[in-house]
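# Fold the following, please.
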Amino acid sequence: MVSTAINRDVVFEADDHNIAEGWSVVVRGLARPVRDGDDLAEAERAQLLSWTAPVKQHYVRILPTRVTGRRFRFGPSEG
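Coordinates of the predicted model:
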């Protein structure tokens with residue numbers, strides 16, 4: 001996996017929401033390709049699915065150095 005060899009410092013963001021609130025989590029850390037048999041098996045068991053075709057054959061693990069997050073409550077604007 002060339003991209004992790006070129007730049008190991010990465011940022012990953014995950015967001016979600018429902019009708020009442022939303023949230024965002026940002027993970028900063030060091031990326032490394034997953035190549036070990038046990039780690040590959042663990043990644044396969046996690047059923048990580050790509051949103052786009054074709055099926056991805058590589059996994060990258062992020063060793064976090066910082067995790068931050070925010071929660072947003074939806075409602076009428078004030079003012």
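# Just the pLDDT at the residue positioned nearest the centre of the chain, thanks.
Here the mean C-alpha position of the chain is nearest to the C-alpha of residue 12 (C-alpha atoms, centre = their mean), at a distance of 4.8 Å. Note on residue 12: pLDDT of 94.
# which SSE is it in?
Per DSSP states H and E, residue 12 falls inside strand 9-17.
# same for that strand, what does it pack against?
strand 21-33, strand 60-73 (3 or more C-beta pairs under 8 Å, 6 or more residues apart in numbering; DSSP states H and E). Yep, even glycine has a C-beta here, placed from its N, CA and C like the rest.
# Residue 48: which of those strands is closest?
Shortest distance between residue 48 and the helices and strands packed on strand 9-17, using C-beta to C-beta, is found for strand 60-73: 10.5 Å.
# Give me the residues contacting that closest one.
1, 4, 10, 12, 17, 20-34, 39 (C-beta atoms under 8 Å, 6 or more residues apart in numbering).
# Look at the residue nearest to residue 22 when sequence neighbours are not counted and say how many residues are nearby.
Counting by C-beta to C-beta, 6 or more residues apart in numbering, the nearest residue to residue 22 once its immediate chain neighbours are dropped is residue 72, at 4.5 Å. For residue 72, the number of neighbouring residues by other C-beta atoms under 10 Å comes to 12.
# Which single helix of this structure contains the most residues?
helix 37-45 (DSSP state H).
# Can you check what angle separates that one from strand 60-73?
Put simply, helix 37-45 runs at 40 degrees to strand 60-73, going by axes from the mean of the first three to the mean of the last three C-alpha atoms, to 10 degrees.
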